[in-house]
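sequence first, then the predicted structure, then my questions.
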Amino acid sequence: MSKHQKGFTPTPYFLFMNNSATKKVFFNNRLLIGKRKVWGFTLFEMLVVIAIIGIIAALILVRYREGQKTYTLSQAAQILVSDLRQAQTMAITGADVKKPDGTDYPSIGGYGIYINDANSYYLFLNTNSDPLNGCPQGAVPEVILKTVNFSSGITIDNTASNVFFAPPSPKTCINNTSQNSIPYTLTQTSNGNTTTVTVDKYGKIDVQ
């Protein structure tokens with residue numbers, strides 16, 4: 001309603017300001033307008049936040065690197081197991097391996113793994129007619145099918161040893177004998193963690 005309309009009676013200023021509730025609202029509003037609260041961080045608070053973030057990031061990085069090392073060790077063990085099982089399968093199926101001239105190598109002695117050194121091994125074909133002859137570093141008459149190099153920081157023990165599988169059963173030969181079993185321990189050199197792959201005379205392969 002406009003103040004010029006009939007029936008409108010303006011409240012005198014002194015009566016308006018004499019009302020305690022009105023004065024409280026009025027002066028509170030003036031204080032809020034004159035002094036607004038500014039939100040922010042002090043330098044100390046910012047330094048504390050940065051320090052906390054840095055600590056959390058460092059912990060995450062350490063755990064990530066340890067996780068990567070554990071994964072690398074586990075992966076190396078699984079690759080070794082996979083190649084051992086591949087050698088078993090090749091002995092069972094009598095897989096053919098071609099010579100450079102296109103003819104087949106004789107697979108009389110079977111297929112196996114030879115630990116070349118602490119950082120690598122061979123998957124080989126044993127062409128010797130006596131299946132108890134292993135693979136002396138892949139020398140003739142043996143044939144290297146694949147060379148596997150471990151990732152940096154991974155080593156394996158029992159070097160210069162071999163496990164091969166002679167068809168048709170296949171018979172498991174360990175170090176050219178009927179040795180009961182052989183453990184291959186893979187080590188992550190940076191932290192000393194280990195994983196052991198064991199092969200027994202029955203061809204069973206375990207990972208621990």
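That came in fine, so what should we check first? Numbering: from 1, shown residues only.

every contact and neighbour count from this point should use C-alpha atoms.
Noted.

which helix is the longest one in the chain?
The longest helix of the chain (DSSP state H) is helix 43-93.

what's the spacing between whichever helix or strand comes after it and its chain's center?
Sequence-wise, the next helix or strand downstream of helix 43-93 (DSSP states H and E) is strand 110-117. When distances are taken as CA atoms, centre = their mean, to the nearest Å, strand 110-117 is centred 26 Å away from the chain's centroid.

pLDDT on the very next helix or strand once past strand 110-117, on average?
Note on strand 110-117: by DSSP H and E, the next helix or strand toward the C-terminus is strand 120-126. Here strand 120-126 scores 91 as its mean pLDDT.

ok, the residue most central in space within the chain to V197 distance?
Central residue of the chain (CA atoms, centre = their mean): Y71, 3.0 Å from the mean position. According to CA to CA, to the nearest Å, Y71 and V197 sit 16 Å apart.

low-confidence regions, this structure specifically.
In the predicted model, the chain carries pLDDT under 70 at residues 1-40, 107, 129-141, 178.

so V81 is in contact with T196, correct?
No - V81 sits out of contact with T196 when judged by CA atoms under 8 Å, with a separation of 10.4 Å.

just checking, what packs against the longest helix of the chain?
If contacts are counted by 3 or more CA pairs under 8 Å, 6 or more residues apart in numbering; DSSP states H and E, helix 43-93 sits against strand 110-117, strand 162-166, strand 181-188, strand 194-200.

distance from it to the middle of the chain?
Helix 43-93 has its C-alpha centroid displaced from the chain centroid by 4 Å (CA atoms, centre = their mean).

tally up the residues packed near S181, please.
For S181, the count of nearby residues is 18 (other CA atoms under 10 Å).

that one: what's it in contact with?
174, 198-201 (CA atoms under 8 Å, 6 or more residues apart in numbering).

hmm, 7 Å instead?
Residues near S181 by CA atoms under 7 Å, 6 or more residues apart in numbering: 198-201.

and those residues, which is closest to N128?
Set against N128, the nearest of the contacts of S181 by CA to CA is K201 (20.1 Å).

quick revisit: can you redo the helices and strands packed on helix 43-93 as TSV with distance to Q86?
TSV is the format used below for these (distance: least, CA to CA, whole Å):
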stretch	distance to Q86
strand 110-117	9
strand 162-166	10
strand 181-188	17
strand 194-200	14
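
so which of these is nearest L145?
strand 110-117 (9.4 Å).
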